[in-house]
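Peer 1: Next comes the sequence, and after it the predicted model I'd like to discuss.
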Amino acid sequence: MKVDEYHLTKQVGQGSFGTVYQTQDKLIGSVAIKVFKQDGMNGADCALQLKRLNNEIVFGKQFSHPNLLKIYSGDVTSTPPYLIMELVEGCTLSTLLNSKKLTMPVCLQIMRQLTNAVAKLHTHKVLHRDIKPANILMQCTALGDMDTTLDIATLKLGDFGLACNMRHYGYRDSVEMASSETFGQLYINLTKSNTIIGTATYMAPEQRIQSHVDQRADIYSVSVILAELLAMCSFGINTKCFRLKKLRGVYLRIPVEDSYLIPMPFLELLSDGLSIHLEFRPDNINTYIQRMEDAFAKCLGNT
């Protein structure tokens, strides 16, 4: 199979958008090509996918950072449309969460690299808006069967299809928020039994109900991932289901099994990071990183 000048040698991934293959670029060498499917899509869906593809090309090409997936080129006018990007041989964070219990040092490796990627985006006034395990690629080395031998060599945050420039998205330092009652009703209406499943789990509540969001939406998504990693680290429990719980007067989402899954040093950070009230949520990723590092240090006995 061939797309433009690229011979598709091996399938390395698949999703609702299409399929990812390994291929060779004359100048770069081994790369990944994301080929978008258009069969069976109506006009509106096809236009939306093309818009996301173009968005991914525009934003992805801006950055060169060890923890951001490198986007080289793409063509939305080709048949089929495609995107050329860095080839990461490993797995997604979703796969890792489904496969094994994690240790605290591995959790720290993952979160340190993820937050570094987000910090790079925010420094350039870019919001990702779709941070979730399926969009996090990792080069992992497993030297044996014990969890402690797992090493996250490199983590890459990808999929810039929903990324936006803060200035062009109506970014404001002070976002006018809906009332907490509105958020509470939003959660209740999402699914039965106050349970949120799937991608919506990682999306900040204000992102669903208003057009103006800021960097705190990404911080919310990062906090959900941190909560999932800590649950896996402590008990080997992989949970995609969160429920409402009131902690320190703030409604937040925690794993359905309960807050005992979260080590004590992280409770305050996650209470703030997952808050539906923006005034409680850290407004700067660097502040969040410092608090996170302090919590890990306490858990690992470094303080």
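Peer 2: Looks like it arrived, so ask away.
Peer 1: where in the stretch 201-303 of the chain is pLDDT low?
Peer 2: 210-211, 233-261, 302-303 (pLDDT under 70).
Peer 1: can we see that at 90?
Peer 2: For the stretch 201-303 of the chain, the stretches flagged by pLDDT under 90 are 201-213, 224, 227-268, 270-272, 274-280, 283, 301-303.
Peer 1: Could you pull out the helices in it for me?
Peer 2: Taking DSSP state H, counting those that start in this stretch as the criterion, the stretch 201-303 of the chain carries its helices at 205-209, 215-235, 264-273, 285-299.
Peer 1: ranges for the strands of the stretch 1-150 of the chain?
Peer 2: 2-3, 6-7, 10-15, 18-25, 29-36, 71-75, 82-85, 91-92, 126-127, 136-142, 150-157 (DSSP state E, counting those that start in this stretch).
Peer 1: What is the second one packed up against?
Peer 2: Spelled out, that is strand 6-7. For strand 6-7, the packing partners by 3 or more C-beta pairs under 8 Å, 6 or more residues apart in numbering; DSSP states H and E come out as strand 18-25. All C-beta spots, glycine's among them, are computed from the backbone N, C-alpha and C.
Peer 1: Go through the strand it packs on and flag the buried ones.
Peer 2: 18, 19, 20, 21, 22, 23 (16 or more other C-beta atoms under 10 Å).
Peer 1: What strands line up against that strand, and which way round?
Peer 2: The pairing partners recorded for strand 18-25 under DSSP bridges are strand 10-15 (antiparallel), strand 29-36 (antiparallel).
Peer 1: hey, least reliable of those strands by pLDDT?
Peer 2: Ranked by mean pLDDT, those end with strand 10-15 at the bottom, a mean of 86.
Peer 1: And the contacts of that one?
Peer 2: For strand 10-15, contacts defined as C-beta atoms under 8 Å, 6 or more residues apart in numbering pick out 19, 20, 21, 22, 32, 87, 89, 134.
Peer 1: try 10 Å
Peer 2: Strand 10-15 has contacts (C-beta atoms under 10 Å, 6 or more residues apart in numbering) with 1, 19-23, 32-35, 37, 87-89, 91-92, 134, 137, 159.
Peer 1: Give me the buried subset of those.
Peer 2: For the contacts of strand 10-15, buried by 16+ other C-beta under 10 Å: 19-23, 32-35, 37, 87-88, 91-92, 134, 137, 159.
Peer 1: Next, work out how far apart the nearest residue to residue 229 once chain neighbours are set aside and residue 164 are.
Peer 2: Nearest residue to residue 229 in three dimensions, chain neighbours excluded: residue 107, at 4.6 Å (C-beta to C-beta, 6 or more residues apart in numbering). Going from residue 107 to residue 164 by C-beta to C-beta, to the nearest Å gives 29 Å.
Peer 1: got it, and residue 104?
Peer 2: 34 Å.
Peer 1: middle-most residue in the chain, spatially?
Peer 2: Using C-alpha atoms, centre = their mean, the residue of the chain that lies closest to the mean C-alpha position is residue 131, 2.1 Å off.
Peer 1: Give me the nearest residue to that residue, chain neighbours excluded.
Peer 2: Counting by C-beta to C-beta, 6+ apart, the nearest residue to residue 131 once its immediate chain neighbours are dropped is residue 221, at 3.8 Å.
Peer 1: could you measure residue 263 against residue 55, distance?
Peer 2: 37 Å.
Peer 1: What of residue 296?
Peer 2: For residue 296, the distance to residue 55 - C-beta to C-beta - is 34 Å.
Peer 1: what about these two, which has more around it?
Peer 2: Using other C-beta atoms under 10 Å, the more surrounded residue of residue 296 and residue 55 is residue 296, with 20 against 16.
Peer 1: With that, I have no additional questions.
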